[in-house]
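Q: Give me coordinates for this.
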Amino acid sequence: MPAEATLRYTVAGLTVQDAGSLIEVLQQRLHGLNDLHLTLKHVHWNVVGRHFIAVHEMLDPQLDRVRAMADDIAERLAALGGIAHGTPGVLVEERTWKDYSVGRAEAIAHLGAFDLVYTGLIEDLRAAVKTVGEIDPATEDLLIEQLRGLEQFQWFVRAYLETAGGALTTADATTETEAAQ
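A: Model (predicted):
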């Protein structure tokens, strides 16, 4: 993480040490949401094919909500006494995942790859909920609300990938490239 000023205060009822732990978790969530926003925009601009307009328009509300989620995380970081690092350089330096790998592609290819993106985000968010839940119910509540939203977005994506029999066409994919095929 970039050089930090010493945390001198936090919200009432939390120790500075606990706030520091929350800030670390929230910074990774902010990176995840900023990356998701950029990736959603990339897909929005590069989706083609038969389902173009449906997917293009489905992504707009997701983009808006993800931006709002990132803002909520950044504001919680600040309220805890931290600094919300939202620059591209810090995001790239600190992220623990690879960049989205699909360029211009058919809608179903992007949705297949995006299902894996959402899976990674949701798994990381569930771990964060567990970690912060031991420290602060207000931060836990914020993350749980975002978890519900991201799970709903994944459900929308998966509706395109599900067969009539209820199987996901991308169930065995382990990479975005595999899921996109």
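Q: can you map out the strands along the chain?
A: Taking DSSP state E, the strands of the chain run over residues 47-48, 105-106.
Q: Please identify the deepest-packed of these.
A: Burial of the strands of the chain is given as mean neighbour count (mean count of other C-beta atoms under 10 Å); strand 47-48 ranks first at a mean of 20. Placement of C-beta: from N, CA and C, glycine included.
Q: Run through the neighbouring helices and strands of it.
A: Judged by 3 or more C-beta pairs under 8 Å, 6 or more residues apart in numbering; DSSP states H and E, the packing partners of strand 47-48 are helix 52-79, strand 105-106, helix 107-133.
Q: Most tightly packed of those?
A: Greatest burial across the helices and strands packed on strand 47-48, using mean count of other C-beta under 10 Å, falls to helix 107-133, with a mean of 20.
Q: I'd like the distance from that one to the chain centre, please.
A: 7 Å (C-alpha atoms, centre = their mean, to the nearest Å).
Q: That helix - contacts with which helices or strands?
A: Packing partners of helix 107-133 (3+ C-beta pairs under 8 Å, 6+ apart): helix 16-46, strand 47-48, helix 52-79, helix 137-161, helix 176-180.
Q: May I see these organised as JSON lines, with mean pLDDT and distance to T169 added?
A: Formatted as JSON lines, the helices and strands packed on helix 107-133 follow (pLDDT from 0 to 100; distance: least, C-beta to C-beta, whole Å):
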{"stretch": "helix 16-46", "mean pLDDT": "97", "distance to T169": "18"}
{"stretch": "strand 47-48", "mean pLDDT": "97", "distance to T169": "17"}
{"stretch": "helix 52-79", "mean pLDDT": "97", "distance to T169": "15"}
{"stretch": "helix 137-161", "mean pLDDT": "97", "distance to T169": "5"}
{"stretch": "helix 176-180", "mean pLDDT": "93", "distance to T169": "9"}
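Q: With respect to I122, which of the ones you listed lies nearest?
A: helix 137-161 (5.6 Å; C-beta to C-beta).
Q: just to revisit the earlier point, adding distance to E93, write the helices and strands packed on helix 107-133 out as CSV.
A: Output for the helices and strands packed on helix 107-133, formatted as CSV (distance: least, C-beta to C-beta, whole Å):
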stretch, distance to E93
helix 16-46, 10
strand 47-48, 29
helix 52-79, 17
helix 137-161, 23
helix 176-180, 22
